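Peer 1: My questions are about this predicted structure, shown below with the sequence.
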Amino acid sequence: DRDSTIEIRMVPYALGQLLILGRDVTQMQRVNQMRKDFIANVSHELRTPLTVLQGYLEMMQDPDMGGTLPNSKAVGMMSDQCERMFNLVNQLLVLSKIEVNRDNIFEYQVDVPAMMLVLEREAEQLNFDRHHKISFDIDQNLLLYGIEDELRSAFTNLVKNAIRYTQNEGEVLVSWREHNQQACFKVTDNGDGIEELHLNRLTERFYRVDKARSRSTGGSGLGLSIVKHVLAHHQSELEINSKVGEGSCFSFCFPTDLIVHRRKNKPAL
Ligand code: ADP
């Protein structure tokens, strides 16, 4: 069968001898593809009813539109949960798209500094009642070959996490700089920190350190899993350093081949 995929492994057998093992993984790959398609379809289909529900709930909360409601607190709670579900479905959709995306990353140039400018504004919005000191240290000439949407998801998830998992009036530092001819992104916070036993599992889907607290922060448990897949697609890997009570540092570097320098005569955005 020309569509079959055989996985070949070589294992030491006896002194100076190797055993070659072949395994037909065609069925496994098909099932995996079906699983990914299924998640993508379900997430997509769930968005429509959720949008309608969200719209009506917002209308019911609007004093000009809905009039007086018997229990506006309950409507508010429904609206919050609706928003959570909407975020979850969106993240699932992002993840399933990334998992199947085999686009050639060298086809597109991404203006990362421009992306950081937008992210800085988003971070300020999220920070409005948290009062962190947030600083961005950005190399304005450091651009990258890659997939724009994917990179945006990765950067955004890490910055939002740093803001959400840091007690009020903390510090968050975001940097995008060249180190050892690699393009490196780093988010440092002086927040909650993470116990070592969790570090290896953080990028698993739905893995959360403190389920109750994470739920109240409104996350989906998919953020770091998205980051991991994006980085794998861009020849990079996530590094996590963290200490409970001191804070965390999430970082990664892209290899030299992916770097594009903005021509100096072109003004930065
Ligand atoms: P979530 O949607 O729950 O934030 P993520 O995959 O983005 O999902 O993160 C997984 C878990 O890792 C979070 O629930 C949180 O417990 C922990 N975490 C992520 N970022 C940080 C951080 N900067 N500081 C402390 N804990 C973090």
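Peer 2: Structure's in. What do you need?

Peer 1: Going along the chain, name the strands of this structure.
Peer 2: Here the chain has its strands, by DSSP state E, at 6-12, 18-24, 109-110, 133-138, 142-145, 171-179, 182-189, 239-243, 247-254, 259-261.

Peer 1: what's near enough to touch H261?
Peer 2: The contact partners of H261, by Cβ atoms under 8 Å, 6 or more residues apart in numbering, come to 141-143. Every residue, glycine included, has its C-beta placed from N, CA and C.

Peer 1: Beta-bridge partners for it, please?
Peer 2: Beta-bridge partners of H261, counted by DSSP bridges, are L142.

Peer 1: picking up where we left off before, any idea which of the strands of the chain gets closest to the ligand?
Peer 2: In terms of Cβ to the nearest ligand atom, the element of the strands of the chain nearest to the ligand is strand 247-254, at 4.2 Å.

Peer 1: and the angle from that closest one to strand 182-189?
Peer 2: If you take axes from the mean of the first three to the mean of the last three Cα atoms, to 10 degrees, strand 247-254 sits at 170 degrees to strand 182-189.

Peer 1: Check what contacts strand 247-254 and list those residues.
Peer 2: Here strand 247-254 makes contact (Cβ under 8 Å, 6+ apart) with 144, 146, 158, 161-162, 165-166, 170, 179-180, 182-194, 227, 231, 234-242.

Peer 1: hang on, the earlier thing: how about the strands of the chain in TSV, adding mean pLDDT?
Peer 2: What follows is those, written out as TSV (pLDDT from 0 to 100):
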stretch	mean pLDDT
strand 6-12	88
strand 18-24	89
strand 109-110	98
strand 133-138	98
strand 142-145	98
strand 171-179	98
strand 182-189	98
strand 239-243	97
strand 247-254	98
strand 259-261	97
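
Peer 1: Any chance of those in TSV with distance to F38 as columns?
Peer 2: TSV is the format used below for the strands of the chain (distance: least, Cβ to Cβ, whole Å):
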stretch	distance to F38
strand 6-12	24
strand 18-24	23
strand 109-110	30
strand 133-138	39
strand 142-145	32
strand 171-179	36
strand 182-189	32
strand 239-243	30
strand 247-254	30
strand 259-261	37
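
Peer 1: give me the number of residues near T48?
Peer 2: Counted by other Cβ atoms under 10 Å, the residues lying close to T48 total 9.

Peer 1: so where's the chain uncertain?
Peer 2: 1-2, 66-70, 212-218, 265-269 (pLDDT under 70).

Peer 1: What parts of it come near the ligand?
Peer 2: Contact residues (Cβ under 6 Å from any ligand atom) of the chain with the ligand: 157, 161-162, 165, 189, 191-192, 194, 202, 207-210, 214, 219-225, 248.

Peer 1: repeat that with 8 Å
Peer 2: Where the chain comes near the ligand, counting by Cβ under 8 Å from any ligand atom, the residues are 91, 157-158, 160-162, 164-166, 187, 189, 191-194, 198, 202-203, 207-211, 213-214, 217-227, 242, 247-248, 250.

Peer 1: any residues touching stretch 83-101, and which ones?
Peer 2: Applying Cβ under 8 Å, 6+ apart, the external contacts of stretch 83-101 come out as 33, 36, 39-40, 42-44, 46-47, 50-51, 54, 147, 149-150, 153, 205, 218, 220, 222-223, 225-226, 229-230, 233.

Peer 1: In ChimeraX, how would I select just the buried ones from those?
Peer 2: Entered in ChimeraX, the line below selects the buried ones among the contacts of stretch 83-101, by 16 or more other Cβ atoms under 10 Å:
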select :40,43,46,50,54,147,150,153,220,222,223,225,226,229,230,233
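
Peer 1: who are the neighbours in contact with the closest residue to E204 other than its chain neighbours?
Peer 2: Distances taken as Cβ to Cβ, 6 or more residues apart in numbering put S225 closest to E204, at 6.5 Å, once the chain neighbours are dropped. Shown in contact with S225 (Cβ under 8 Å, 6+ apart): 95, 203-207.

Peer 1: Can you point out the buried residues in stretch 137-148?
Peer 2: Buried-residue list, stretch 137-148, by 16+ other Cβ under 10 Å: 138-140, 142-147.

Peer 1: Quick check: end-to-end length of that stretch?
Peer 2: Using Cα to Cα, to the nearest Å, one end of stretch 137-148 lies 20 Å from the other.

Peer 1: Start the count at 50 instead of 1 going forward.
Peer 2: Okay, residue one is now 50; in that scheme the one you just asked about reads as stretch 186-197.
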